[in-house]
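just a sequence and a predicted model for now, questions to come.
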Amino acid sequence: MRLQLSPEDIAFRDAARAWLLDNKPATRAPEDGSESRAFALDWLAKLYDGGWGGLAWPKDYGGQGLPPARLLLWYEEYVRARAPSTLDCSFVALNHAGPTLIACGTEAQKATHLPRILKGQSIWCQGFSEPGAGSDLASLRTTGRVEGDMLIVNGQKIWSSYADIADFQELLIRTEPGSKRHKGLSWVICDMSLPGITIRPIRNMAGATHFAEVFYDDVRIPLTQVVGGLHDGWTTAMTTLGFERRTAAMALQLDLSVQVEDLIDLARPTPGSAMAERLSDLRAEAAAIRAMTYRVALREPATPFDGSLVRLSFAELEQRIRRAAMDILGPAALVHSGRVADYLESYSETIAGGTAEIQRNIIGERILGLPREARP
């Protein structure tokens, strides 16, 4: 799928290409910790100062208000330039929290947080999953008791990406006593510096501490920080997950084609060999996901479940590409910057944002109209 570019589009693309060439960081982003936070915030500030921050966000909140087609052009140039991965500690703020506040937040919440996100002044994390509520998010147990104009929060979250270096958290809690499943939840802005919050980083098999457990012990959050209405958090959370599955990973999806071309240059496979066939298949699959990305971004009106198609295809292809890289490099992968870490990190792709099984259920039930899976 290709865009029909106007002269203005071409000028925009060329300006993006030139700016990225002159301004992209020369080094790979640190994996975790305060160094990764500093790197991400510096890059966000440079993007904002250069006029490339919040391209699709409303102008009233510091964005550029550009249409999806321009955003796709930007991301095409971004991945071609090998600019920093968008899957860093700024990901939640830019792709979850910010868009959710734009869609569901109060004017005060938008005015407080959106400019800070774009200017590189705050990092966000997500507080959705719990030890007993991962894929089954509606079974969460962390509570927020209403006392006057405050919520008193108690409970635990897990797999909260970059919680140890975040300023704020998009926190989903149960606020209506006696409620069950999707009823009685609230989506809340949680200041991570509040008393009563304890954070324990989790080191993954790649050696990075992207994830953390977060514990809440009588944490007092003002009711003014509820987004989308008290006890109506499931609706707000579905808005967040819609962004996560539909538009948040556009740059990552387009980058798959760049990754495959890099592998072809690295392997230089003999025509007709097994590796040549394998890379040809990966190139075709990456092109298909690129077309799907365009379709989802440009389709009007948007359909609610297309994101699951793209999310599932992206996650599984990302894993196959990373495995191919390891097979091509063999032991030499150990001295190639980031290759082993990228391979190990790819295992999380079919878990994050809803497991592959969850995405298949959504596709089967909501798109294909198949019978619902039997529930326990």
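Nice, I can see it.

could you use CA atoms for every contact and neighbour count after this?
OK.

distance of the closest residue to Gly53 other than its chain neighbours from Thr235?
In this structure, Gly53 finds its nearest non-sequential neighbour in Leu47, 5.2 Å apart by Cα to Cα, 6 or more residues apart in numbering. Separation of Leu47 from Thr235 (Cα to Cα, to the nearest Å): 32 Å.

higher neighbour count, the two?
Legend: neighbour count by other Cα atoms under 10 Å for Leu47 and Thr235, higher for Leu47 (20 against 17).

what about the helix or strand harbouring the more buried one, average pLDDT?
Element membership for Leu47, per DSSP states H and E: helix 33-49. Mean per-residue pLDDT for helix 33-49: 89.

list the buried residues of the helix or strand following it.
Heading C-terminal from helix 33-49, the first helix or strand you meet, by DSSP H and E, is helix 68-80. The neighbour-count check on helix 68-80 (16 or more other Cα atoms under 10 Å) flags 68-80 as buried.

how distant is the next helix or strand along the chain from helix 68-80 from the center of its chain?
Where DSSP H and E defines the elements, the next helix or strand beyond helix 68-80 is helix 91-92. A distance of 5 Å separates the centroid of the chain from that of helix 91-92, by Cα atoms, centre = their mean, to the nearest Å.

give me the mean pLDDT for helix 91-92.
Helix 91-92 shows a mean pLDDT of 88.

and what of stretch 106-121?
The average pLDDT for stretch 106-121 rounds to 93.

which residues does that stretch contact?
Applying Cα atoms under 8 Å, 6 or more residues apart in numbering, the external contacts of stretch 106-121 come out as 40-45, 48-49, 53-54, 61-63, 93-94, 98, 101-102, 122-123, 225, 227.

stretch 71-89 too?
13, 16-17, 20-21, 24-25, 28-29, 36-37, 40, 55-56, 123-125, 161-162, 250-252, 254-255, 258, 294.

with stretch 216-223 instead?
For stretch 216-223, contacts defined as Cα under 8 Å, 6+ apart pick out 149-156, 190-191, 194-198.

show me which of the contacts of stretch 71-89 are buried.
13, 16-17, 20-21, 24, 29, 36-37, 40, 55-56, 123-125, 161-162, 250-252, 254-255, 258, 294.

keep only those of those that are in strands.
If you go by DSSP state E, the buried ones among the contacts of stretch 71-89 have Trp124, Cys125 in strands.

next up, phi/psi of Leu185, please.
Phi and psi for Leu185, reported as degrees, to the nearest 10, are phi -100, psi 160.
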